[in-house]
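>>> Structure, please.
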Amino acid sequence: MRGTSNGLPSAEPVLELQDVWCAFGDHEVLRGIDLTVHRHEVVVLIGPSGSGKSTLLRTVNLLEHVDDGRILLTGQDITDPRVDADAVRGRIGTVFQSYNLFPHLSVLDNVTLAARVVHKHSRAEAEARGLISGEVGRGTFVQRRRLPATAKGAGQDVINLALNVPPSTGEDELIASVLSEILADGALPPLLGYLPHQGLPSHREIIAEWLRAFRLKIDVANLFITHGGQHALSIALNMVAEPKAMVLTERFTYSGMIALSAQNGYRLHGVDGDADGLLPDALDRAFSDTGARVLFATPSLQTPTGTVMTPERRQQIADIVSRHDAYLLEDDVYAFLFAAPPTPVSALIPDRSFYVTSFAKCLAPGLRIGAMIVPEQFRDRCINAVRATGWMASPIMAEVVARLLHSGDLMRQVQLKRTAAVRRNAIADRMLGNWLTPLSGTAGFHRWLPIPAGRTLIALVTQAAQAGITIAPPGALQQVDRGTLGIRLCLGHPATDDVLENALAELKRILESAEAISFV
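Numbering: from 1, shown residues only. Below you'll find the predicted structure:
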């Protein structure tokens, strides 16, 4: 099995075995072995006990003789009798099987012993080079080789507080591990064909079980796996709103809904809200005044304001939607952040609701896997809509999600995301507590910063940009008074807590100083 630890393999091999034979008496262990390994390439030898794996490794380190053939290390024939075996062994690290390890040393110390003793590399040097890392309470670990920061797009001077992504909690290595499992156990070929538009039944069953924890009653027949939440919203809108139709949303709404409006000509109408979300009277009046029959809402950790509807408010919104013979599109992507998730509005009016979520915030946006529960009467049309807009969501990525759900690793990621959200909100409160809207009780990945009196939105955005911080104004749907204007600060994108704290400290400095920019 082969892989690479750091980019593409080099053109020149670092190790070559050419027709290598090795026998112990009459027993031939290695018979004409040919092997080429390039720099940065990872090669795993797999085989039953006694098949010669250890013998092959020992011949490479000149701990066993070679009866025939050659072994080349960076072009040098190390099987030549004139070669200094100790010098060769100083260039090759070998970790023996458990009975040959030093029992009084840790795994890390066993692995790094040669580097420290032979090459005189100190522990501090290994940490500085990123070869090992230590975490208080967990221990010291050998690090996977990483791409340089510039190759990964990291290390940039600009800190992005406008992109609402979850903080990294090790999901990249977890997903890589699952992809390796899919390759290793032969599950990939069946996932490469044209599969059911709604998603494989096995995938939908395990996702349905996950969603039941959010107080939903689910008929798997009405569950769809989609290309992320945005794809689901596009399909749902297409079911209940004609082009140029009026669609009600919160006054400040999700940027993806504004994009769908621009693409398909929907006319969005913002409805006033308070700390508990949409105001029932304002919603009732908006349905009557506009003739709209569709409402898009995010009752839990609304973006951009972060409000959470109370149970009473959710029931009131459900009653109003039903009374106006309307439909609800509910975005519940942040439900996983709640230890006890609120009952979705969709659960109160399932025949009038499209429930949408995704695995972008609890796992990774790049998976592009979402889920949608549709009213039964729309099921057949939604199947055709998925076919018309992509045939199916990626079965490979759906398999990744299903395996992580089955193993419990996704739930462990959820716990890590919740912990990271609490920690980063604590930083935000410490740095900007006097300016931020208080938490609703559950920490999310974004906070609402009302524009202070005497400030202008455009000047604040510009001053932040000059300080290397990207923030973006919200999508307001009607003219709003200055007292309601604000900025969504996204806490998840900065690579570390320290980077976030530095960015917020700079914003604090800007807020505490006089407005330095005016526009004419």
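>>> Near Ala339, how many other residues are there?
7 (other Cβ atoms under 10 Å). For every residue, glycine as well, the C-beta is placed using N, CA and C.
>>> Need phi/psi at it.
phi -60, psi -40 (degrees, to the nearest 10).
>>> Can you name every helix or strand that the longest helix along the chain contacts?
Counting by DSSP state H, the longest helix found in the chain is helix 409-432. Other helices and strands packing on helix 409-432, by 3 or more Cβ pairs under 8 Å, 6 or more residues apart in numbering; DSSP states H and E, are helix 171-184, helix 395-407, strand 446-450, helix 497-512.
>>> Turn those into CSV, columns for mean pLDDT.
Listed next are those as CSV, based on pLDDT from 0 to 100:
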stretch, mean pLDDT
helix 171-184, 94
helix 395-407, 97
strand 446-450, 95
helix 497-512, 95
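>>> Now do the helices in the stretch 1-150 of the chain.
Under the criterion DSSP state H, counting those that start in this stretch, the stretch 1-150 of the chain carries helices at the ranges 53-60, 85-89, 107-117, 123-128, 149-152.
>>> Distance check, the closest residue to Gln377 other than its chain neighbours against Asp498.
Excluding the flanking residues, the one nearest Gln377 by Cβ to Cβ, 6 or more residues apart in numbering is Asp351, at 7.6 Å. Counting by Cβ to Cβ, to the nearest Å, the gap from Asp351 to Asp498 is 49 Å.
>>> Could you do Glu171 as well?
For Glu171, the distance to Asp498 - Cβ to Cβ - is 20 Å.
>>> Show the contacting residues for Arg379.
221-222 (Cβ atoms under 8 Å, 6 or more residues apart in numbering).
>>> Can I take it that it is in a helix?
Yes. Counting by DSSP: H, G, I helix; E, B strand; the rest coil, Arg379 is located in a helix.
>>> Use 28 as the first number for this chain going forward.
Okay, using 28 as the starting number, the last item reads as Arg406.
>>> quick one: low-confidence ranges for the stretch 128-277 of the chain?
Applying pLDDT under 70 to the stretch 128-277 of the chain picks out residues 130-131, 134-135, 138, 141-183.
>>> ugh, wrong one, the stretch 378-527 of the chain
502-510.
>>> Run through the bridge partners of Cys49.
Leu57 (DSSP bridges).
>>> And this structure, split by domain according to the record?
29-121, 213-435 (automatic domain parsing).
>>> Could you report the neighbour count for Ala112?
12.
>>> In contact with the nearest residue to it once chain neighbours are set aside: list those residues for me.
Closest residue in space to Ala112, ignoring its immediate chain neighbours: Leu89 at 4.5 Å, by Cβ to Cβ, 6+ apart. Neighbouring residues of Leu89 by Cβ under 8 Å, 6+ apart: 105-106, 110, 112, 115-116.
>>> which two in the residues you listed are spaced the farthest apart?
Using Cβ to Cβ, the pair of the contacts of Leu89 lying farthest apart is Thr106 and Arg116, separated by 13.7 Å.
>>> ok, the two, which is more surrounded?
Taking other Cβ under 10 Å, Thr106 and Arg116 do not tie; Thr106 has more neighbours (20 against 17).
>>> neighbours around Thr334, how many?
By the criterion of other Cβ under 10 Å, Thr334 has 24 neighbours.
>>> before we move on, what about Asp46?
12.
>>> Could you find the closest non-adjacent residue to it?
Nearest to Asp46 is Gly96, by Cβ to Cβ, 6+ apart, at 4.1 Å.
>>> okay, the one you found: pLDDT?
For Gly96, the pLDDT comes out at 93.
>>> residue contacts, it?
Here Gly96 is in contact with 44-48, 59-60, 106 (criterion: Cβ under 8 Å, 6+ apart).
>>> For ChimeraX, write a command that selects the buried ones of the residues you listed.
Remark: buried members of these, expressed as a ChimeraX selection using 16 or more other Cβ atoms under 10 Å:
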select :44,45,47,60,106
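>>> ok, the contacts of Gly96 vs Glu539, which is closest?
Nearest to Glu539 among those, with distances taken as Cβ to Cβ, is Leu44, at 66.6 Å.
>>> Quick check: beta-bridge partners of the closest one?
The residues that Leu44 bridges to, once DSSP bridges is applied, are Leu62, Ile98.
>>> Please report the distance of it from Pro307.
75 Å.
>>> got it, and Asp436?
From Asp436 to Pro307 the distance is 41 Å (Cβ to Cβ).
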